[in-house]
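> here is a sequence with its predicted model. Questions after.
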Amino acid sequence: MKAVAYLVKENTGGDAVTAQYAIRSHTWAESAADAMNSSTALYSLLGPGGSQTWDYVILQENSAYGKWTGEQERKSTQALLQLARLAKARSANVCLLLTWATLADTSATNFIPAQASLNDHYLRAAAAVKADMGLDAFIAPAGLAWQKIYDEMNMTAAGIPICTFLLDTNALQQFEAVHQSA
């Protein structure tokens, strides 16, 4: 949040009002429920318990999102639409923080398809917001940045045993200490 406030000040000269509601491994469905629960901070930040307007509301789904299909994906999309409606009621633009594949998806054989699935899911989510509300949902492609790092490491790993490369990739994700939604 400090980085967002800094960038706003640097680029506009104005101060940013920021708030964060992030619970590790939370889903859009859990956040949508929290927004309607008066015992949570999200109730006043985005739900009916407050009146603060926002320029942007940044929403991120659980990293397992790319693996979800059928009913689980449908429920996630419905929860996203509920959150987007709440954001719109607060005059906010919706930004979807496209995350990256989890540590379990970082082997050489499945990271790329796992990330591609996440990318596709976020594109469909943005399209669902547009179709439901006529509101463009911006995508912040953090996952694509991680994919680029993964690709670069893979290219520089020529001649290095794959197990060394995998340890290096895992070290990169361990560097963050916790997932960015924590």
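Nice, thanks for sending it over.
> going by C-alpha atoms from here, please, whenever you check contacts or count neighbours.
Fine.
> strands of this structure, residue ranges please.
Counting by DSSP state E, the chain has strands at residues 56-59, 93-97, 137-140.
> in TSV: these, plus distance to T69.
Formatted as TSV, the strands of the chain follow (distance: least, C-alpha to C-alpha, whole Å):
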stretch	distance to T69
strand 56-59	20
strand 93-97	19
strand 137-140	21
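> may I see these arranged in TSV, with mean pLDDT, mean neighbour count and distance to L118 as well?
Shown next, in TSV, are these (pLDDT from 0 to 100; neighbours: other C-alpha atoms under 10 Å; distance: least, C-alpha to C-alpha, whole Å):
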stretch	mean pLDDT	mean neighbour count	distance to L118
strand 56-59	91	20	14
strand 93-97	92	20	11
strand 137-140	90	18	12
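> quick one: which of those is nearest D120?
strand 137-140 (11.6 Å; C-alpha to C-alpha).
> now what about that closest one, what contacts it?
N93, V94, C95, L96, L97, L98, Y122, A126, A127, V129, K130 (C-alpha atoms under 8 Å, 6 or more residues apart in numbering).
> which of those residues lies closest to T77?
Of all the contacts of strand 137-140, T77 sits closest to V129, with 8.6 Å by C-alpha to C-alpha.
> out of the contacts of strand 137-140, who's nearest D55?
N93 (6.0 Å).
> okay if I get the contacts of strand 137-140 as a markdown table plus distance to D136?
Converted to a markdown table, those look like this (distance: C-alpha to C-alpha, whole Å):
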| residue | distance to D136 |
| --- | --- |
| N93 | 8 |
| V94 | 7 |
| C95 | 9 |
| L96 | 10 |
| L97 | 14 |
| L98 | 15 |
| Y122 | 13 |
| A126 | 7 |
| A127 | 8 |
| V129 | 7 |
| K130 | 5 |
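> can you count the residues close to the spatially closest residue to R90 that is not a sequence neighbour?
Excluding its sequence neighbours, the residue lying closest to R90 (C-alpha to C-alpha, 6 or more residues apart in numbering) is T53, at 4.6 Å. Counted with other C-alpha atoms under 10 Å, the neighbours of T53 add up to 16.
> swap in A35?
Neighbour tally, A35, other C-alpha under 10 Å: 23.
> enumerate every residue touching P48.
When contacts are counted by C-alpha under 8 Å, 6+ apart, P48 touches A35, M36.
> let's see that with 10 Å instead.
Contact analysis of P48 by C-alpha atoms under 10 Å, 6 or more residues apart in numbering lists A35, M36, N37, S38, L42, L86, A89, R90.
> if we can go back for a sec, how close does the residue nearest to R90 sit to A92?
7 Å (C-alpha to C-alpha, to the nearest Å).
> what is in contact with these two at once?
Residues touching both T53 and A92 (C-alpha under 10 Å, 6+ apart): L46.
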